[in-house]
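Trainee: fold the following.
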Amino acid sequence: MALGQSTQIEIGGRRLTFETGRVAKQADGAVTVRLGDTVVLATVVASKAAVEGQDFFPLTVDYRERAYAGGRIPGGFFKREGRPVEKEILTSRLIDRPLRPLFPKGFRYEIQLIALALSADGENDPDILAMNAASAAVLVAGLPFLGPFGAVRVGRIDGRLVVNPPGRELGRSSLDLVVAATEDSVMIASSRRRFAPRRRAASARRSPSRTRSSVDGPSPRWPRTSWRWSIPTACGGPRPRSTSTRSRSTRSGR
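Mentor: Below you'll find the predicted structure:
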């Protein structure tokens, strides 16, 4: 992982800062992303060996927003944080869906990605920052990743499309579209606002294509850790013989 490197890009007239190598140094990849006073940390840890016989890709994505990010302390008898709320679950899915298809077919190494909102200013939603931080962290970790992807939020305010609108403007937007894309293709386009005509939605999906090249820009310039991997037996190699209790009982005649 790169040590103490940072870079800034400008999207929608505001600066987006990527930084790596200062915190979470024991992780395979760790990147913090800042927009205004909102800061998100994404860390990636991957297993160096695949489990024999495993026929799925064990990628775990967990996004959390702690109360301290907004300057609050949980009240009541229980002072600890509770289970993930709906916003955290949906943001975890927003990270997982564009990320998972960018790993090569047959990759079965276990990966855990945790995105944590360290600070929230109330104007910039941490979910978009978490998506970009996750992509950059996987890239820095040196995994066989066909990314990076860039993510932006597109709003429609006073008849014009706005990229990453602040919270005070998003409230009066007729569109809330989250787009994640690589340089070659759009990975997801998720909207959670009122119905919009097809032409308007298509125009909003094309708008991020002018900015996603800037989002993709910072990560490739960071050094990447070499990663050796191979397709495990679960993807075509010989399967190990079963050692289950039922098999042993059958062979013993019981």
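Trainee: for residue 15, give its distance to residue 148.
Mentor: 19 Å (C-beta to C-beta, to the nearest Å). (C-beta placed from N, C-alpha, C; glycine too.)
Trainee: part of a helix, is residue 138?
Mentor: Yes - counting by DSSP: H, G, I helix; E, B strand; the rest coil, residue 138 is found in a helix.
Trainee: so it sits against residue 30, correct?
Mentor: No - using C-beta atoms under 8 Å as the test, residue 138 is too far from residue 30 to be in contact (10.8 Å).
Trainee: joint contacts of these two?
Mentor: Both residue 138 and residue 30 are in contact with residue 44, where contact means C-beta atoms under 8 Å, 6 or more residues apart in numbering.
Trainee: which SSE is residue 61 in?
Mentor: Secondary-structure assignment from DSSP states H and E places residue 61 in strand 59-65.
Trainee: mind listing what's buried in that strand?
Mentor: Neighbour-count burial for strand 59-65, with 16 or more other C-beta atoms under 10 Å as criterion, is recorded at 59, 61, 62, 63, 64, 65.
Trainee: end to end, how far does stretch 122-129 reach?
Mentor: 13 Å (C-alpha to C-alpha, to the nearest Å).
Trainee: could you do stretch 138-149 as well?
Mentor: Distance between the boundary residues of stretch 138-149 (C-alpha to C-alpha) amounts to 11 Å.
Trainee: re earlier: settle it for me: which of residue 15 and residue 148 has more neighbours?
Mentor: With neighbours defined as other C-beta atoms under 10 Å, residue 15 and residue 148 compare such that residue 148 has more, 26 against 11.
Trainee: next secondary structure after the strand holding residue 61?
Mentor: Counting by DSSP H and E, what follows strand 59-65 is helix 86-99.
Trainee: any weak-confidence spans in the chain?
Mentor: Within the chain, the stretches with pLDDT under 70 are 1-3, 74, 76-79, 192-254.
Trainee: in it, which spans are helices?
Mentor: For the chain, helices defined by DSSP state H occupy the ranges 86-99, 126-141, 167-170, 198-206, 212-216, 245-251.
Trainee: tell me which residues are up against the third one.
Mentor: Where contact means C-beta under 8 Å, 6+ apart, the residues beyond helix 167-170 that reach it are 122, 123, 124, 125, 153, 155, 157, 162, 176.
Trainee: and the closest residue to residue 178 other than its chain neighbours, what is it in contact with?
Mentor: Spatially, and ignoring its direct neighbours in sequence, residue 178 is nearest to residue 190 (4.8 Å; C-beta to C-beta, 6 or more residues apart in numbering). Under the criterion of C-beta under 8 Å, 6+ apart, the neighbours of residue 190 are 94, 177, 178, 179.
Trainee: any idea how far residue 190 is from residue 184?
Mentor: In this structure, residue 190 and residue 184 are separated by 19 Å, where distance is defined by C-beta to C-beta.
Trainee: do the same with residue 45
Mentor: In this structure, residue 45 lies at 28 Å from residue 184, with C-beta to C-beta as the measure.
Trainee: so for these two, which residue has more residues nearby?
Mentor: Between residue 45 and residue 184, counted using other C-beta under 10 Å, residue 45 has the larger neighbour count: 18 against 7.
Trainee: and the nearest residue to residue 12 once chain neighbours are set aside, what are its bridge partners?
Mentor: The shortest distance from residue 12 to any residue that is not its chain neighbour, by C-beta to C-beta, 6+ apart, is 4.1 Å, and that residue is residue 163. Taking DSSP bridges, one finds residue 154 as the beta-bridge partners of residue 163.
Trainee: what's the burial count for residue 163?
Mentor: When neighbours are defined as other C-beta under 10 Å, residue 163 has 19 of them.
Trainee: now do the contacts for residue 92.
Mentor: For residue 92, the contact set (C-beta under 8 Å, 6+ apart) comprises 61, 62, 63, 84, 115.
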